[in-house]
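In: quick one: sequence plus predicted model below, questions after.
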Amino acid sequence: MTLTLTRRSFTLGSAAVVGLAATAPLSRAQAMRTDRLNILCWEGYNTDDVLGPFRDRHPGATLRAESGTSDPDMINKLRAGEVNVWDLINVNQPWARGQLYPEGLIKPLDQDRFLPYFERMLPEFTAPYPLAFADDGNLIGMPQRYGPFSFVVNTDKISRATAEEQGWKLFLDPAMTSRFGILTYDNWNIIHMCLTGDLNPFKPIDEAGFETFQKTAETIFGGAKLRTDDLVAMNTALINGEIDAYFTGGTYTASPARLDGLTNIRGITPSAGPIDGKGGVVWIELTSLVNNPDPSSLAADFLEFVQEPEISKAVGFAEGTYNPVSQMGDPAVFDLWDAEELDAIQWDTLADEMSRSVEYDVVASYDELSKMYNAAKRG
Amino acid sequence: MERLDRRLGALTATPMLVLLAVTFLAPLIVVAAFSVMPSKVFSLWHQPDFSAYAELLRQGYWKSLAWSLGMALASTAILLVLCWPLAFAMAKVYRRFTLILTVGVVMSLFVSENIRLFGWVLTLMKGGLIEGYVRHLTGVGFDSLLYNVPIIVFGLVYVYLPFMLFPLAQGISMVPDDARQAAADLGASRARILWEVEVPLAAPGIVVGCLLTFVLATGAVAESKLLGGQVVVVIADEVETAFTYGQDWPLGSALAMVLIAIVGTIAVIGVNRVDLDAIMGRRR
Amino acid sequence: MTEKTILEIAGLYKRFGAFTALHSIDLEVYEGEFLTIVGPSGSGKTTLIRLFVGMDEPTDGTIWLRGRRIDTVPANQRPTCMVFQSLALFPHMTVGRNIEFPLKISGVDAATRRQRALDLLDLLHLPREYYDKRIHQCSGGERQRVALARALAFDPEILFFDEPLSALDYRLRKTLEKELKDLHARTGKTFVYITHSLEEAMVMSDRIAIMRAGRFEQIGPADEIYSRPASRFVAEFMGEVNLFPVQADDDGAVRADGLALDPGVAERLGLKAGAAGMLMVRPENVTMVNGSGAAEPGPAPEITVGGHLRAEYNLGSRLQYEVEGPSGQRLTVETLREGRFGGSPGDAVTLGWTLDRCHLIHGE
């Protein structure tokens, strides 16, 4: 860890002053390394249950995984010059296609080696999954964890049926004032506020749309009782009755409470919405090879390793949050989940919720919306 | 000979000076350089256009800045009043207990700020330690004490207490007992002694304590996020958002530069207002 | 002197836990006098002065100032003032602001304050330019004067001093001692001064109180204390002294080891039958009876003692001789330079003095 800390303070400077061009040609000549693997990921891939078995298979290698706190935070690291450090990056689906690959921060995967894994995945992914591919047809990442992500309610206060039927309009209801929180995953909130205003966030938005968005954002921020980027704090507030629902959330945020037996905490996917009738959004993580000038052959090995049943389960059921994985299409993987665990990830309605959700994608008018969003947040 | 010594000294100090310059100044220079870049670029190879500063003025960032500075000012003032008697006791009254108090306060710093603040969340929330007990005993519950501005100020006061307490105790220990007694002997009341003798003589400690807490509190973010439920957005939060979700490094850098400039100016003024050397009687 | 009492202390006790610092102190301070309390360190003199000005509370006993009981009055309401050993000047204020401090506290307007401060600078022979100087720009002696000026600005009923000269060098101390005495005369205020230095006490005081282990051993005018000490402690504390144990048998016969008394002298000593005492004689009152060129005019000695010359010391204005007495004790003789004794170490000498130059200390 100390290595990254000192490097981080230096890299910002070196990236800017020296420039990426200077370092790349020098190191590219070297052969592929087999003694090192550095993974930048969401929490889950960095647990001993995942890393331990891989270490046993590669006893000579130094294996390090660091979890980020947000997608942009991790991507900033690569931009700041840490492409030299990391071999694998695990972020949500739009970033790989929209930013990482076009900017040359990640590189394509070997399709002969990885395409067969799609065949054993859940039906949604067998196609194979389109967002795993760049516009040029290259395979740029492997999907694993995923989950519908819209909002969360306490079903003792608001029934699932009501919540699904009202959908995003729930948060515009004057009766809900001061009865909900906002989980400040800002990029998600921008998408969800578009949906609340019946806008499609993935298409460019016009002036009238901006006006709607602004009003929606102001209404929602104005009505919220609390805001936090901490899902534990948010669940706590939901459990103790401080609030009845929170804006932006899903299986990812509700599952820890649910596994603790609080199954009245539930991620909700609206039954209808503005994008081809859909109102929910789903995130799918993609793990990609970083375009490290000094590449490690272990990176692709690890990507293959996490497709194995036990490891897939370990990734899905890491500490903190619990999530379905695309590999659950394989009975050997699915059988590793018991009934309570399946209930924690809302397996009973998962396929249904997926069918009512659209893919998390690049927000077309993100800059303008982000400004309005932040202005509304400031109050 | 002396000149040679001095030159050798300067030479020996050079590596350290270079290291300090690189580690302290380089990041600052990079941030300053980024702040003048056009919007949303990720390298410095662009024509500077200062658009980030214009953007900063157009958007309502002054609100966040005002909240940060205002809450920092409030918490600094509260801490000064709160810590004075405690620091006085540490410096002048308790002898052995001072060590225990010091160790106790320092120990609290070993626990992460976020964990300590979350402890307060569990205490103050609805169904938490306080409300839960009150409801259990009286049958009447109330809403949580969280998610408002005063609770953020409370959090700042709680977290930055040591940074006021220790410099203050140091400052008060510099007030000679004789001077206080002489003032009393010459007819000064307790309040006059405080104002005429203790405050001016403890000024270095007061200034250092106030600057530390004010600067830290201005850049604080966890208190508003955890205790305040982001009821107001602080400036450090804006910087973070600009760098991450905003993916606008120049804007984040410009915000950071404005914050550095304001806090830096206050710090320089504060240090200059109090002539430390004169108070210490060092100047001849 | 009109001996009107300004400060009266009765039965004053001060205990710190099991330690008793002051044992039943009784004292009267007269209006306008310069009283010095002298004692070795740890004798309780600082504790006593702290009770006077109100920095500490007595365990028992009372203090009256002009008939008003003040031991329960807080320090900042007592009409007394002290010059501290450390001087306790306010380092963050100019000389002028220091002097004006008590006036500012009592609400005197700025112009009057300034005039009063300038007057006090004059009184203490400090140039008026010092008004705007900072304390750390002043020398030791100047600070001393500023501290005095500040105390005088307060216009106290009694001015207390807690060894304010102890940190100064010898010459400056000597100068200031005289200035202080002069200041006392000019202001007419009552000064109560504590010191461990006898010399300081002798130069300045009207009366001296000798303190030992929380009690007064003797209180009286300087001359009286010097020449007629009430105890061996006082005798020895007040400077070089020669002491000879004397005893009267039950039949009245006086035995004094090694002393040769002229006829009739023993009876005139005033020693009661069966009692013991100490015969005290100061070195300057002893003469070398058999000195070669020392034929000093004056009355013939009535008491003599034999011994051997050990050493001669030059004290500047005087000469001091060390003589080994008959029972091996060390005796001291002092004479003016003109009265030089020409002998050399080892010579047998006889020392002598008249009865009125010595003093009998009663008791052991």
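Out: Great, that's in hand. Please read these numbers as outputs of a predicted model, since none were measured by experiment.

In: switch to C-alpha atoms for all contacts and neighbour counts from now on
Out: Noted.

In: spell out which parts of chain C neighbour chain B.
Out: By CA under 8 Å from any CA of the partner chain, the residues of chain C that approach chain B are C:53-55, C:75-78, C:80-82, C:84, C:86, C:88-92, C:101-102, C:105-106, C:136-137, C:151, C:154.

In: buried members of those into PyMOL, please.
Out: Restricted to buried positions by 16 or more other CA atoms under 10 Å in any protein chain shown, the PyMOL selection for the residues of chain C next to chain B reads:
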select buried, chain C and resi 53+54+55+75+76+77+78+80+81+82+84+86+88+89+90+91+92+101+102+105+136+151+154
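
In: which residue ranges of the stretch 251-364 of chain C form helices?
Out: Residue ranges of the helices in the stretch 251-364 of chain C, as given by DSSP state H, counting those that start in this stretch, are C:265-268.

In: again with the stretch 101-250 of chain A
Out: A:111-118, A:160-166, A:186-196, A:207-223, A:231-239.

In: the third one versus helix A:207-223: what angle between them?
Out: Going by axes from the mean of the first three to the mean of the last three CA atoms, to 10 degrees, helix A:186-196 is angled at 110 degrees with respect to helix A:207-223.

In: same for helix A:186-196, what does it pack against?
Out: On a contact count with 3 or more CA pairs under 8 Å, 6 or more residues apart in numbering or on different chains; DSSP states H and E, helix A:186-196 meets helix A:207-223, strand A:245-250, helix A:366-378.

In: possible to save those as a markdown table with mean pLDDT, distance to chain C and mean neighbour count?
Out: Below are the helices and strands packed on helix A:186-196 laid out as a markdown table (pLDDT from 0 to 100; distance: least, CA to the nearest CA, whole Å; neighbours: other CA atoms under 10 Å in any protein chain shown):
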| stretch | mean pLDDT | distance to chain C | mean neighbour count |
| --- | --- | --- | --- |
| helix A:207-223 | 95 | 53 | 19 |
| strand A:245-250 | 95 | 59 | 28 |
| helix A:366-378 | 90 | 46 | 19 |
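
In: to chain B, which of the ones you listed lies closest?
Out: Smallest distance to chain B across the helices and strands packed on helix A:186-196 (CA to the nearest CA): 5.4 Å, for helix A:366-378.

In: the closest one and chain B in contact?
Out: Yes - if you take CA under 8 Å from any CA as the test, helix A:366-378 does meet chain B, through A:367, A:370-371, A:375, A:377-378.

In: would you turn the helices and strands packed on helix A:186-196 into a markdown table with distance to residue B:153?
Out: Shown next, in a markdown table, are those (distance: least, CA to CA, whole Å):
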| stretch | distance to residue B:153 |
| --- | --- |
| helix A:207-223 | 21 |
| strand A:245-250 | 25 |
| helix A:366-378 | 18 |
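
In: so which of these is nearest residue A:290?
Out: helix A:366-378 (25.0 Å; CA to CA).

In: report the angle between that closest one and helix A:186-196.
Out: Using the same axes, to 10 degrees: helix A:366-378 against helix A:186-196 is 90 degrees.

In: packing partners for helix A:366-378?
Out: helix A:186-196, helix A:207-223.

In: can I get these in TSV with distance to residue B:24?
Out: Shown next, in TSV, are the helices and strands packed on helix A:366-378 (distance: least, CA to CA, whole Å):
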stretch	distance to residue B:24
helix A:186-196	31
helix A:207-223	38
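
In: secondary structure element for residue B:258?
Out: Using DSSP states H and E, residue B:258 falls within helix B:249-273.

In: gap between the nearest residue to residue B:125 once chain neighbours are set aside and residue C:224?
Out: Leaving aside its sequence neighbours, residue B:125 sits nearest to residue B:144 (CA to CA, 6 or more residues apart in numbering or on different chains; 4.6 Å). Between residue B:144 and residue C:224 the computed distance is 83 Å (CA to CA, to the nearest Å).

In: okay but residue C:45 is in contact with residue C:196, surely?
Out: No - counting by CA atoms under 8 Å, residue C:196 is not a contact partner of residue C:45; they are 9.0 Å apart.

In: overlap of the contact sets of these two?
Out: The contact sets of residue C:45 and residue C:196 overlap at C:38-39 (CA atoms under 8 Å, 6 or more residues apart in numbering or on different chains).

In: which sections of chain C are below the confidence cut-off?
Out: Scanning chain C for pLDDT under 70 picks out the ranges C:1-2, C:290-298, C:364.

In: got the domain ranges for it?
Out: Domains of chain C are assigned by automatic domain parsing as C:5-236, C:240-362.

In: so the residue in chain B that chain A sits nearest to is in which element?
Out: Closest residue of chain B to chain A, CA to the nearest CA: residue B:229 (4.3 Å). Assessed by DSSP H and E, residue B:229 sits outside every helix and strand.

In: tell me the secondary structure for the closest residue to chain A within the stretch 51-200 of chain C?
Out: The stretch 51-200 of chain C approaches chain A most closely through residue C:92 (43.9 Å), counting by CA to the nearest CA. In the three-state summary, residue C:92 is assigned as coil, counting by DSSP: H, G, I helix; E, B strand; the rest coil.

In: contacting residues around residue C:266?
Out: Contact partners of residue C:266, counting by CA under 8 Å, 6+ apart, are C:253-254.

In: does residue B:78 touch residue B:158 like I think?
Out: No - between residue B:78 and residue B:158 there is no contact under CA under 8 Å: 10.5 Å.

In: measure residue A:238 to chain C for me?
Out: From residue A:238 over to chain C the distance is 58 Å, taken as CA to the nearest CA, to the nearest Å.

In: likewise for residue A:151?
Out: Residue A:151 is 63 Å from chain C, by CA to the nearest CA.

In: for the stretch 101-250 of chain A, what lies in contact range of chain C?
Out: Counting by CA under 8 Å from any CA, no residue of the stretch 101-250 of chain A is near chain C.

In: check contacts around the closest residue in space to residue C:40 that isn't next to it in sequence.
Out: Distances taken as CA to CA, 6+ apart put residue C:196 closest to residue C:40, at 5.3 Å, once the chain neighbours are dropped. Residues near residue C:196 by CA under 8 Å, 6+ apart: C:38-41, C:163.

In: neighbours around residue B:208, how many?
Out: When neighbours are counted by other CA atoms under 10 Å in any protein chain shown, residue B:208 registers 21.
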